[in-house]
Every structure is written in structure tokens, then in C-alpha cells.
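>>> fold the following.
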Amino acid sequence: MTSRRRRPKDRGPGARRSAQIEAVEPLAPHRSVASLVAAVLILSFVVQCLTSMMQQSATYDEPVYIAAGYSYVETGDFRLKQDAPPLVATLSGLALRFGTYLGNQVFLDTSSRLWSGSTEYRFAEQFFAKAADPHRTLQIARLPVVLVGTALALYVFLFGRRLWGGYAALLPLFLFCIDPNMIAHSRTVSNDAALAAFFFIAHYYLYRLITEGRTANLIALSIAVALTTVAKFSGLLIFPSLALVGGFAYLFPGLLPVLPPSGGVAVQRRRIVRIGALTALTCTLATVLVISVLYQSTSGVERYIAGVKSIYTNGVPNFQFYLLGSFSPRPSPYYYPVAILLKTPDATIVLWSLAVLSVFVPGSRPLRGAWILLPVALVMAVSSQDLVNLGLRRVLLVYPFLFLWIGERSVRIWEVWSPVVIGRPIRWLAPVGLALLVLTGVFSAVRIHPYQLAYFNSWSGGPAAAHRYLDDSNIDWGQDLPGLAEWQARHGVRPLALWYFGTDDPASYGIDWRPLSDEELLQPRHAAYAISVNFLIALKLRALETSHAEFDWLARYRPAATIGHSINIYDFR
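Model prediction:
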């Protein structure tokens, strides 16, 4: 008996092209091997996030995010953390709610005078103080952010695989999974990793929508856009970013690899215009819906707009921004490019440099992947006008695109290079060089673990030299109390004179401490001192303002030890 196979409906040239790809790739052995390697890389990323977060105390803003998120879930009251959308906080609050079923007990005291006051940081401190196990509470609240970071890693691979295939997608995924910046912020309850994730995922589905069509891609794109806007207020950049990529596709339709080639340029452009109009409508509707759901009110959009207006209202008067050893009352337009150059791993810097140089190679088609850099250009241009310079984390969302672009340039150069060197000994030059960079990347990732937040590359001098260039969340965000507790237990210094930059409770880690006096800052006693790097940099500023060089401990004294690169120990006993 012979069987009949129904002929699938012809859905146009784009569908035929997509069907051809789907028919071939599942049968290719490399697809399953590449997916297996990708799974191992993503698992290593998760392990690094989990083991790192277990050894780090709460960063400066985490207690407020967590207390706010739990209050959103329990009360529907959004008085806490109004300068950030509620997505990340709500996810952490839901994790804590689920954790109560597993025995982790927390208590939200809405009868406290702090609940009715304006000191949200003190309320968060009280919230953790009343928790049965503050450390367990912190780790449970961090788990949703780890999941979001893991999703971003997965989409880096999926995007690369869709563009060039499984093996080529492993390079950007590898760079992502060993990047200390991505790891540090994918285990911290803040909105930076979530913004980076949903911003990138939205571009992935826009690409699929342009090249494939399909209602499912439109729905996924709309959801990703909505989540981007509620991850962080700067997520509103998703709309002009998608418009830039769509405009690029309209002007240069032949430069997107899988764009349906038939029908002529005019037909392609009309199709892109239709997609753009439909995308704008559905994304706007999805955003309004998600905002209303998260704020648990039909007036959620009003709350959201009020939050956008409040972003810079809590600034510190006469704040001095720190960059490359100098202070300024105004933010620097080149702060973020400098931060990227200082805090990006050496292997990635080398590959970025080679990628830039590769655009001059004849036949490498540099315009083919230019659209990948459009979101990067937009974010960096807007960030150059940022009213505050508080850390690389504010431009973390450019990294996945830069990793993807490295992969794109690698594929184009291989296309040019491989026919020339086939059968020659020189063909091993590129694989060997890449293997060396991979080993360098693995070594730097292992070496900095679990202190990824304070990572600086070797060209800058490493974390030990970080205070010469940057401050705040680039190196010291209050994360190293566990290491300080271990040092005190090992050396038996009780009490320890401590000046800590953070909102976590040192005593909850078993640290016996006392505050420092201004007299001790000018003339230390016979005691041991632990001072956060951010405050040491602040002392440098005080020395300049008061003409008292004695305040500049960084210049005067060599630390006896450094805890996690963010707390210096000075022992004058």
C-alpha cells in the first residue's frame, strides 16, 4: 500500500524559504550538538549566578525593591519604589509569597509609622529585620531575576542560530555566559537585567515578524515590548529602537538575510509598512494592558506616567560625579563608553576590536549586520545625555547586541577566509586564536567569581585599580558583608570600626562593629578599620574640598586586606 502525503499550502516565498530552513536544520547533526553545547553554557551561567548570589549581601537598592514587591502583592499599594516600574519588584514579591508555602516567613508591618512615612529605605530595613531568615528571604527574592537572565542567555543563542546556524551562535552565547557584568546583574533584584532581557527579546521577535510574518511572532513581540516598558522606565526606548530597525528594513530590504526576495522592493516596503503599523497598534495596546495589570488598576497608566516624571526627583543636591579619578558636578557624555572599555572582559574587547577591523575586509559585507548595532547606537546616544552617571548597569542592554554583532562579523569573515585557506596549514590560525580567547575568557570568569560586580579587565589594572576610574555600582554596591564576616571571625577583631556603603545589616551576618568618628578619619587609632571603596573615594573628594590631605586614605595608607574588592581593611593595631 502506498501512502499519500498532502502538499502543504503555499504561503508565499517567505514561507517557502522558512520551510526549506526548517526542513533541513532538524536533520543536521550539528544542530543537536550545538544545542547541547548551548545548554551546557546556559547551565554554567545559572550556576555562576546562583553560587555568586549565595555569597553576596544585599546591594544598596535590593531591600527596597524586595519590600516594595511584597507590599505590591499583599496590599496592592504602590507607595514604595515609585521611581521604578513594578515588574521586577512584583516578581520578587511573588517569589516571597510562594516561599511562605515552603516555610520562609516574612512580615509586612503596614501599621508601622515607617509605612506612612517617606523613608522607604528604613521601612525596607524593618521588613528584613522582621523576617524569620533575612538571608533566605534575600536569596528567594533573587530567583526570578536569575530566571530572567537565563531567558536572555537562551534568546542570545536562539537569535544567533536563526541568523547563522547553531555553531556560529555559540560564540555570542559564550561571551554572554562568561561576562561578569551579565552575571552580576542577573542575580541582583534590580531592573537592569530585566530591561536588557526583554529589550533584546523584542528585537528577536521583530526580526522574525519581518522575515516570517505569522501572528504568533506579532503576539510575542507585543508581549516583549510591554514587559520592556514595565521593566524600567528607560524601556520606553524600545519604541524608537524597533522603529529604527524597521526603518532600516524599509530602506535596505535586501540586507536582512531571510527577507522574502520576490515581488520587488516596492512590494517588500509596503509589507514592512503594514507590519510596522500593526506592530505599533498591538504593542501599544499590550503595553497599556500590562501596565494596568501590574499596577492592579485601570489608572495604572497614570501611575506609570507619574513614575516617569519622578525618575530624577530624588537626586542628591551638589552631587559630584566621579570618572577617571576626577570629580565633576555634571555628568560626562563619555562616561558609559569609558565604563564599557574598563569593565568588559579582555577576550570580548579583543573580539570587538577585530570585528571593527573586519568591516574593512573586502567582500565581508559589513552592511549585512549593521541593523544589529542600531539599538546600541540609540541607547548610547541617549545615555550620553543621562543626568546621572551611576554605573555600567544603566547601559547593560547593549551587551547582547554587541555579542550578536561579534558573531555576525565572525561568520562574514569566515565566509571570505575559508575558501582562501582551505587545505593550507594557515587554516588553523583562526581556530587556535579563538581557542586562546575562549580560555582567556574562562580564566577571567573563574578568577573573579563570586565577585563579578566589581570586575574590571586586566588592561585597566583589574578590580584593585578600579577606584582610580569609577565608583558606585561599578565596584561597590554593599555586596560583600559575608566576606567581611569571615575576615573578622578569622582575625578575631572585635569590634571592627566599620563605614559601610549599603543598606543591609552587618550584624545579621555576625559582624561585631562600631561606627567611625570624624576624628578617626583624620587620625586613626590603634584599631582595625573596614571602609567601603565608595566612601574611600568620598574621602578623596573631602580631602580636595577641605584641603586636608589626611582624609585621603587611598593615597595615605595601604590596605591590609580587601574584601571582595569593595571593602578595604586598614589595620593600625
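>>> and the host helix or strand of L43, what does it pack onto?
Under the criterion DSSP states H and E, the helix or strand holding L43 is helix 29-53. Helices and strands touching helix 29-53, by 3 or more Cβ pairs under 8 Å, 6 or more residues apart in numbering; DSSP states H and E, are helix 134-164, helix 166-178, helix 180-185. Every residue, glycine included, has its C-beta placed from N, CA and C.
>>> what about that helix, average pLDDT?
Per-region confidence: helix 29-53 scores 91 on mean pLDDT.
>>> check which residues of that helix are buried.
31, 34, 37-38, 41-42, 44-46, 48-49, 52-53 (16 or more other Cβ atoms under 10 Å).
>>> could I get these as CSV with distance to Q126?
Formatted as CSV, the entries for these read as follows, by distance: Cβ to Cβ, whole Å:
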residue, distance to Q126
R31, 53
A34, 50
V37, 47
A38, 44
L41, 41
I42, 38
S44, 38
F45, 35
V46, 32
Q48, 32
C49, 28
S52, 27
M53, 23
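>>> V88 is nearest to which of the helices and strands packed on helix 29-53?
When these are compared for distance to V88 using Cβ to Cβ, the nearest one is helix 134-164, at 6.7 Å.
>>> got the angle between the closest one and helix 29-53?
In terms of direction (axes from the mean of the first three to the mean of the last three Cα atoms, to 10 degrees), helix 134-164 departs from helix 29-53 by 160 degrees.
>>> helix 134-164 versus helix 166-178: what angle between them?
Between the axes of helix 134-164 and helix 166-178, defined by the same axes, to 10 degrees, the angle is 150 degrees.
>>> which other helices and strands does helix 134-164 contact?
helix 29-53, helix 62-75, helix 87-100, helix 120-130, helix 166-178, helix 180-185, helix 192-212, helix 399-421.
>>> so which of those is the most surrounded?
When neighbours are counted by mean count of other Cβ atoms under 10 Å, the highest per-stretch mean among the helices and strands packed on helix 134-164 falls to helix 180-185, a mean of 28.
>>> mind checking pLDDT for T2?
According to the model, T2 scores 38 on pLDDT.
>>> my error: substitute G492 in the last question.
Model confidence at G492 (pLDDT) stands at 89.
>>> that one: how many residues sit nearby?
Neighbour count for G492, taken as other Cβ atoms under 10 Å: 6.
>>> quick check: phi and psi at it.
With angles defined as degrees, to the nearest 10, G492 sits at phi 70, psi 30.
>>> how much space separates it from Y70?
Taking Cβ to Cβ, to the nearest Å as the criterion, G492 is separated from Y70 by 38 Å.
>>> same question for D179.
According to Cβ to Cβ, D179 and Y70 sit 30 Å apart.
>>> same deal with F319?
When distances are taken as Cβ to Cβ, F319 and Y70 turn out to be 30 Å apart.
>>> same check on F252?
Computed with Cβ to Cβ, the distance linking F252 and Y70 is 49 Å.
>>> same question for L43.
Distance of L43 to Y70, given as Cβ to Cβ: 30 Å.
>>> with H449 instead?
Between H449 and Y70 the distance, using Cβ to Cβ, works out to 30 Å.
>>> quick check: the gap between V493 and G510.
Here the criterion is Cβ to Cβ. By it, V493 lies 13 Å from G510.
>>> what about the two, which has more around it?
A count of neighbours by other Cβ under 10 Å puts V493 above the other of V493 and G510, at 19 against 13.
>>> start to end distance for stretch 391-410?
30 Å (Cα to Cα, to the nearest Å).
>>> can you map out the strands along the stretch 201-350 of the chain?
With DSSP state E, counting those that start in this stretch applied, the stretch 201-350 of the chain shows strands at 321-323, 326-328, listed in chain order.
>>> the last one: partners in the sheet, and parallel or antiparallel?
Sheet pairing here is set by DSSP bridges, and for strand 326-328 it gives strand 321-323 (antiparallel).
>>> mind listing residues that contact the partner strand?
327-332, 335, 338, 388-389, 469-472, 537, 541 (Cβ atoms under 8 Å, 6 or more residues apart in numbering).
>>> distance of the most centrally placed residue in the chain relative to W164?
The chain has A193 as the residue nearest its centroid, 3.6 Å off, counting by Cα atoms, centre = their mean. Distance check for A193 against W164: by Cβ to Cβ, it reads 25 Å.
>>> what about the stretch 151-300 of the chain, any weak spots by pLDDT?
Screening the stretch 151-300 of the chain residue by residue with the criterion pLDDT under 70, one finds the ranges 257-263.
>>> so who does the closest residue to R514 other than its chain neighbours touch?
In this structure, R514 finds its nearest non-sequential neighbour in P495, 4.6 Å apart by Cβ to Cβ, 6 or more residues apart in numbering. Taking Cβ under 8 Å, 6+ apart as the criterion, P495 is in contact with 512-514.
>>> the same query, at a cut-off of 10 Å, please.
With contacts defined as Cβ atoms under 10 Å, 6 or more residues apart in numbering, P495 is in contact with 488, 511-515, 527-528.
>>> need phi/psi at it.
phi -80, psi 160.
>>> and if you look at W513?
With angles defined as degrees, to the nearest 10, W513 sits at phi -140, psi 170.
>>> show me the shaky parts of the stretch 401-550 of the chain.
For the stretch 401-550 of the chain, the stretches flagged by pLDDT under 70 are 421-428.
>>> now do 80
By pLDDT under 80, the weakly predicted segments of the stretch 401-550 of the chain are 418-431.
>>> residue ranges of the helices in it, please?
Listed in chain order, the helices of the stretch 401-550 of the chain (DSSP state H, counting those that start in this stretch) span 429-448, 481-491, 518-522, 533-546.
>>> cool, thanks, signing off.
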